[in-house]
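A.B. asks: I would like to see how this sequence folds:
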Amino acid sequence: MVLQQALADRFVPTSQTCSACGARDGPKPLHVRTWQCRGCGAWLDRDINAAVNVAKAAGLAVTACRAQVRPGPVPAQRGEAGTHPISRWEVA
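C.D. replies: Modelled structure (predicted):
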């Protein structure tokens, strides 16, 4: 994929860029909901294509920062572990 920035700000043309090959097709009127990429021929839904491009840009940003996406398991604090002394069935 060929996005020029690691983060997609509001001016990055995510709905105009093919999520399959990265080719930029240019602006389209809002009533155009699907379009065919001139580069690879894929048919793209405008909103889904933009969402895929944003997700890819977010993944690139995480990779660039070397951030840990899924931290390891954290044990519950002592007050949170176990069951409560009075169950919800005993209250009624």
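A.B. asks: what bits of this structure have low per-residue confidence?
C.D. replies: Where the chain drops to pLDDT under 70, the residues are 1-9, 60-72, 76-92.
A.B. asks: if you set the cut-off to 90 instead, what comes out?
C.D. replies: Applying pLDDT under 90 to the chain flags the ranges 1-17, 19, 22, 25-28, 30, 49-92.
A.B. asks: Let me see the ranges of the strands in it.
C.D. replies: Along the chain, counting by DSSP state E, strands occupy 34-36, 43-45.
A.B. asks: Show me what counts as buried in the last one.
C.D. replies: It refers to strand 43-45. Applying a neighbour-count criterion of 16 or more other CB atoms under 10 Å, the buried positions in strand 43-45 are residue 44. C-beta: built from backbone N, CA, C; applies to glycine.
A.B. asks: ok, which stretches of this protein are helices?
C.D. replies: 46-65, 88-91 (DSSP state H).
A.B. asks: Now tabulate the strands of the chain in JSON lines and tack on distance to residue 53.
C.D. replies: As requested, the strands of the chain are exported to JSON lines (distance: least, CB to CB, whole Å):
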{"stretch": "strand 34-36", "distance to residue 53": "14"}
{"stretch": "strand 43-45", "distance to residue 53": "10"}
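A.B. asks: between these, which gets nearest to residue 22?
C.D. replies: Closest approach to residue 22 among those is made by strand 43-45 (12.1 Å; CB to CB).
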